[in-house]
Structures are given as C-alpha cells and as structure tokens.
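Enquirer: sequence and predicted structure, then a few things I'm wondering about:
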Amino acid sequence: MATVRAPRSSASARNSAPVAVEDVDTSFLESLLGYNARRAALAAITVFLEEMAPFRLKPVEFSVLSVIAHNPGVTSRQLCSALGILPPNLVGLVNELEKREVIARKPHPRDGRAMGLHLTASGQKLVRDAERKAAELEADIGARLSPSELRTVISLLKKIYRPR
C-alpha cells in the first residue's frame with residue numbers, strides 16, 4: 001500500500017534552492033481509486049485501439065455493435081441507458097454505423113415511434129471477428145491476474161459504476 005505524503009508548502013518551495021527530481025513521487029495519486037482505474041483503462045484502451053484498427057472500431061463503436069448483436073432490435077434509448085451514452089452522442093454514431101452498412105434501423109414491433117437496431121450480414125461478421133479479437137486482448141490483459149482476481153476486479157469495478 002502506498003504511503004501518502006503531504007505536499008510541500010508553496011512558501012517553502014519558493015524559498016528553497018532549485019531541486020532536481022530523481023524519482024517522481026506518485027504515491028498520493030496511487031492512493032486514489034480514480035487514478036488507478038484510469039491508468040488501467042488507458043493501458044487496456046491503448047492495446048484495444050491498436051488491435052481494433054483493422055476493424056475501424058473505437059471502444060464506443062465496439063460496445064454499441066456488441067449490444068446490438070446480443071440484443072437485436074434494441075432501441076437507441078435502451079443503448080444509451082445500457083452504455084451510459086448521451087443521446088446526442090449516439091445519434092451521430094448510429095448514423096455512421098448505418099453509413100458503413102453494419103447496422104440497419106427497422107420499425108419497433110411494439111412502439112410505432114421507435115426504431116429497432118439490427119446488424120446487417122456484414123455487421124454480424126464484423127462483430128463476430130471483433131469480439132473474438134477483444135476476447136484475445138482481454139485474456140492477454142488479464143493474464144497478470146488469477147481467474148479469481150480477475151472476477152474480483154470486475155465485480156468491484158461494477159460496484160462503482162453500478163451503485164445500488
């Protein structure tokens with residue numbers, strides 16, 4: 001566990017001679033949940049972006065397509081709720097995926113005002129291949145943890161973003 005040190009006062013820093021830092025102290029940051037979660041996310045996202053480049057998918061696009069694949073007919077409202085996306089941000093994303101001909105809008109069977117989102121045949125292939133690659137990436141990233149540790153980390157992170 002990192003030890004938290006109080007920062008130097010600005011008055012003493014101004015009155016002292018210039019100091020060269022040899023080892024950067026990040027102990028305070030390392031005591032913060034958000035800092036550690038962000039560093040872990042950045043490490044995973046960096047690899048994800050590199051490996052998903054051939055699919056032309058960023059994390060949010062991948063997430064949207066995966067939810068549609070596993071929930072054919074899902075509405076935009078449901079997608080926003082499930083993924084924590086603001087509706088204005090989803091509109092452009094859905095339009096772009098439709099232009100790429102990987103999704104199609106179809107009338108919702110129970111709500112005449114809503115459109116259900118479905119994968120096209122090329123969208124199904126894209127998601128199948130991208131999810132296979134994502135599973136490989138997750139296995140590589142999670143290899144530093146035991147299966148039990150991985151389940152625990154995921155469970156604990158869900159407690160933060162799904163407070164109940």
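Expert: Thanks, I have the structure now.

Enquirer: quick one: contacts for the most centrally placed residue in the chain?
Expert: The residue lying closest to the centre of the chain (C-alpha atoms, centre = their mean) is residue 59, at 5.8 Å. Residues near residue 59 by C-beta atoms under 8 Å, 6 or more residues apart in numbering: 45, 48, 49, 52. Glycine gets a C-beta too; all of them are placed from N, C-alpha and C.

Enquirer: do you know how far it is from residue 129?
Expert: Per C-beta to C-beta, to the nearest Å, residue 59 is found 16 Å from residue 129.

Enquirer: with residue 112 instead?
Expert: Distance from residue 112 to residue 129, counting by C-beta to C-beta: 35 Å.

Enquirer: more neighbours: those two, which one.
Expert: The residue with more neighbours, out of residue 112 and residue 129, is residue 129; 12 against 7, by other C-beta atoms under 10 Å.

Enquirer: looking at that one now. What's its pLDDT?
Expert: pLDDT, residue 129: 98.

Enquirer: I'd guessed it sits against residue 55; true?
Expert: Yes - look at residue 129 against residue 55 with C-beta atoms under 8 Å: they come within range, at 6.8 Å.

Enquirer: now residue 94: how far from residue 131?
Expert: Going from residue 94 to residue 131 by C-beta to C-beta gives 19 Å.

Enquirer: compare these two (neighbour count), which wins?
Expert: residue 94 (18 against 15).

Enquirer: which non-adjacent residue is nearest the more buried one?
Expert: Sequence neighbours aside, residue 76 is the residue nearest to residue 94 in space, at 6.3 Å (criterion: C-beta to C-beta, 6 or more residues apart in numbering).
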